[in-house]
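J.: This is the structure alone, sequence omitted:
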């Protein structure tokens, strides 16, 4: 794929849109028949979007291309960390605030912030060398 075809925000937009469609399809096919409460279906979307937010940046930035030289087991481990972090934090946020009477959109936003922050934090914790500034700036 040609990175220069779109700016970073364009790739993020395409990735987030595609992941939203995929996550909602998973919700309809898997989790809805399993009886997952509607307020928790946003967790699937948050987990997928966390992957897009992190990995589009790693893929797009030239100074982070060394990440793709890691063994595939490590990359899969990073993906699992991101997914587990996003699911855990967003689910806990929903549990913590669901009884306060906030609207669904407020609950979703709090869950998104929680999920994205923990997912990125876990990715950074496993890969701090990607975010070190070698210039000393």
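T.: Alright, I've got the coordinates. Only a predicted model underlies this, so the values are computations on that prediction, with no experimental measurement involved.
J.: tell me which strands and helices the top helix by length along the chain is in contact with?
T.: For the chain, the longest helix by residue count, based on DSSP state H, is helix 72-97. With contacts taken as 3 or more CB pairs under 8 Å, 6 or more residues apart in numbering; DSSP states H and E, helix 72-97 sits against helix 42-60, helix 104-126. Every residue, glycine included, has its C-beta placed from N, CA and C.
J.: looking at those, which is buried most?
T.: Comparing the helices and strands packed on helix 72-97 by mean neighbour count (mean count of other CB atoms under 10 Å), helix 42-60 ranks first with a mean of 21.
J.: can you give me the angle it makes with helix 72-97?
T.: Interaxial angle of helix 42-60 relative to helix 72-97 (axes from the mean of the first three to the mean of the last three CA atoms, to 10 degrees): 140 degrees.
J.: other SSEs contacting helix 42-60?
T.: Judged by 3+ CB pairs under 8 Å, 6+ apart, helix 42-60 is in contact with helix 8-26, helix 72-97, helix 104-126.
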